[in-house]
Every structure is written in C-alpha cells, then in structure tokens.
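*Asks:* Requesting a structural model of the entry that follows:
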Amino acid sequence: MDKSWKGVLSKVCEIYFQSNTKIDWILVGSVLQGCKMEPGDIDIYVKHKEGVSQFAELLNEFSLPTKSENRHVNDWLSSKEEPVFNQTFPSGFTWTKGRWKINGFNVEVVHISDSAGIPDSITGDGIWEGGQYIWSNFKNVRIGEYTIPTVPLEIQLELNLRRQRQDRIKSILNTIMHNGYDEKLIKKALSSHNLSYFYSEVGLPS
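*Replies:* All right, here's what the predicted structure looks like:
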C-alpha cells in the first residue's frame, strides 16, 4: 500500500467500494479540492450511527487485537474487542466514532447524534461542517478510480473562520479565488458576519 495519505484514502475507498456496502458518508478534506496543505489525518462523517459500525467491520483488519488501553478520545483506537467509541461531553455534544492508524495516518469515522446547539443554518448562522446541511450540499471529487463526496470548501471556510485557523483560512481563500466558488452555496454556508469578511477578501461589495 502507498504510505502517503492519498494511498491510505485510496485503500479505504477500495475496501468500501469493493464491499458493496451502502453507507451515507462524506469526506472532510480540502486537499482533494485544490488546497495546498498536507493532511495529518483522514476524517469521515457518516449520516447514520450504524455507519460507524459498518465502517468498523470493513476496516477490521486495521483494528487492534485487544481493547485500546488509552481512553483519551484523541488517542483511542478501534479494536476487535471495542470497534466503536461513544462519548457525551458535559455540553451534551454526543458522538460515536471509529478510529484506526493505517500506515501512520489516523483514519476517523464519526457520527454526531447531538450537536449541543452548534450553529447550523442556511439562513444567516452558517452551515456547520458536521451538521445536517452537508448531506445536500456535498461536492464529488475523484481519487484514482473512485468518486467520493466531500464537504465543499465553502462550508469548510465557515468552520475555520469560526475557529480562527488563519493558515487554513488563507489556503481555502486562495483556492476559492483561483478556482472559483459556488455563489449560492457561499451565501448559505457563511454566517452573515463571515460573508461580509469573505466579500471584502475577494474584493466584492457585501
């Protein structure tokens, strides 16, 4: 297997598509959409909770033989004994995840069942990349022989503006300005405040 992130993602795609398993899933990634940054992990959201268990079955060969001793959510790994991890935070935020280390890259599959009120709207608050609107606003990209759905850069821009991750904001803006963007989606994806910022950055009147 190619040990780059692209090789690992290609392997995950190969396993999924050859299995004929049907899972509603979406990749959270900007590199396949033209951004110049090196991903440290591969993040996948699934629409339904059972999708995490389905991915765990598909990626079973990469699971630990026994339960992960490290219980910290960012270090825990799926095992044959405990393929999925459920967690509820004090805020009420609840997720179910599977997590594997494949050729040095973290591959994480997540379903969020309670967002604990994280703003997610197409009418002013902005679309959250882990929320309900990503499923009807995905963008298909190619990796090798496979076509996979991804969270569009317009939506990823909103998340990174919320988190004030300047390196990613700059990379996404540069890519959008070079390759173009979906005008209807950008208006839905960005909060009112962030939309004004975006227009100022691309030199358009807000």
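*Asks:* Quick check, pLDDT for Ser4.
*Replies:* The model reports Ser4 with a pLDDT of 87.
*Asks:* can you pull the contacts of it?
*Replies:* Shown in contact with Ser4 (Cβ atoms under 8 Å, 6 or more residues apart in numbering): no residues. Bear in mind the C-beta positions are built from the backbone N, C-alpha and C, glycine included.
*Asks:* need the helices for the chain, in chain order.
*Replies:* Taking DSSP state H, the helices of the chain run over residues 5-19, 50-58, 153-163, 166-179, 183-189, 192-202.
*Asks:* I'd like to know which elements the last one is packed against.
*Replies:* Here helix 192-202 touches helix 153-163, helix 166-179, helix 183-189, going by 3 or more Cβ pairs under 8 Å, 6 or more residues apart in numbering; DSSP states H and E.
*Asks:* For the nearest residue to Asp182 once chain neighbours are set aside, list the residues it contacts.
*Replies:* Leaving aside its sequence neighbours, Asp182 sits nearest to Glu154 (Cβ to Cβ, 6 or more residues apart in numbering; 6.0 Å). Residues in contact with Glu154 (Cβ under 8 Å, 6+ apart) are 176, 181-182, 185-186, 189-190.
*Asks:* May I ask which of these has the most neighbours?
*Replies:* Ala189 (29 neighbours; other Cβ atoms under 10 Å).
*Asks:* Quick one, grab the pLDDT at it.
*Replies:* At Ala189, pLDDT is 97.
*Asks:* Just confirm it contacts Asn160, I think it does.
*Replies:* No. Judged on Cβ atoms under 8 Å, Ala189 makes no contact with Asn160 at a distance of 11.6 Å.
*Asks:* which of the helices of the chain is buried the deepest?
*Replies:* Comparing the helices of the chain by mean neighbour count (mean count of other Cβ atoms under 10 Å), helix 153-163 ranks first with a mean of 22.
*Asks:* Before I go, just wanted to say thanks for your time.
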